[in-house]
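In: Below is the sequence, then the predicted model.
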Amino acid sequence: EVDVELWDCSGDLRYRDCWPAIRDGIEGVILVANPDENKGEDLNLWCREFIAKSKMNPENVLVVLNEIGEKRTNDGAISEFQLPSQLSSAICAACNLQHDGDQLRLEFNQFLVNIIAKSGNY
């Protein structure tokens, strides 16, 4: 049996005072960005605050490039999205939840399996 806690930081800096509590004891991080609106450099703050400060291995990071709306995945925006160098070994999953929810579920489940296996807490 494994306990999984998911904390949503909302992307809003006004919740910054809560980040140390959220970081405490983390074993994995999921970063979500819309490649139509964000660039890879937009993840730098989150890398510093949640990955670097917790000394996390980037392999324990899942980056979800989630496009919003009716359109199918915009391959151009995704190919232009450059992950920060410190996330070069992170897992990256591109999707549009309205069309690709099942694929993201598989990616998420595999991510959890990897985190649990590395932690030895099973």
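Out: Sure, I can see it.
In: Just the helices from this protein, written as ranges.
Out: 19-23, 44-46, 75-80, 97-119 (DSSP state H).
In: which of those helices is buried the deepest?
Out: Mean neighbour count (mean count of other Cβ atoms under 10 Å) peaks for helix 44-46 among these, with a mean of 16. Yep, even glycine has a C-beta here, placed from its N, CA and C like the rest.
In: now it, how far from the chain's geometric center?
Out: 11 Å (Cα atoms, centre = their mean, to the nearest Å).
In: Could you do stretch 80-92 as well?
Out: 10 Å.
In: Name the helix or strand of this structure that has the lowest mean pLDDT.
Out: In the chain, no helix or strand scores lower on mean pLDDT, DSSP states H and E than helix 75-80, which sits at a mean of 60.
In: how about low-confidence regions in the protein?
Out: 69-79, 121-122 (pLDDT under 70).
In: let's go with 90 and repeat that
Out: Scanning the chain for pLDDT under 90 picks out 1-13, 15, 25, 32-43, 56, 65-89, 91-105, 116, 118-122.
In: Residue 51 is in contact with residue 58, isn't it?
Out: Yes: using Cβ atoms under 8 Å, residue 51 is in contact with residue 58, at 6.5 Å.
In: Find residues that contact each of those two.
Out: 86-87 (Cβ atoms under 8 Å, 6 or more residues apart in numbering).
In: Who has more neighbours out of these two?
Out: residue 51 (23 against 19; other Cβ atoms under 10 Å).
In: quick one, what contacts that one?
Out: Neighbouring residues of residue 51 by Cβ under 8 Å, 6+ apart: 29, 58, 61, 86-87.
In: Throw those into TSV and include distance to residue 99, thanks.
Out: TSV is the format used below for the contacts of residue 51 (distance: Cβ to Cβ, whole Å):
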residue	distance to residue 99
29	25
58	28
61	24
86	30
87	25
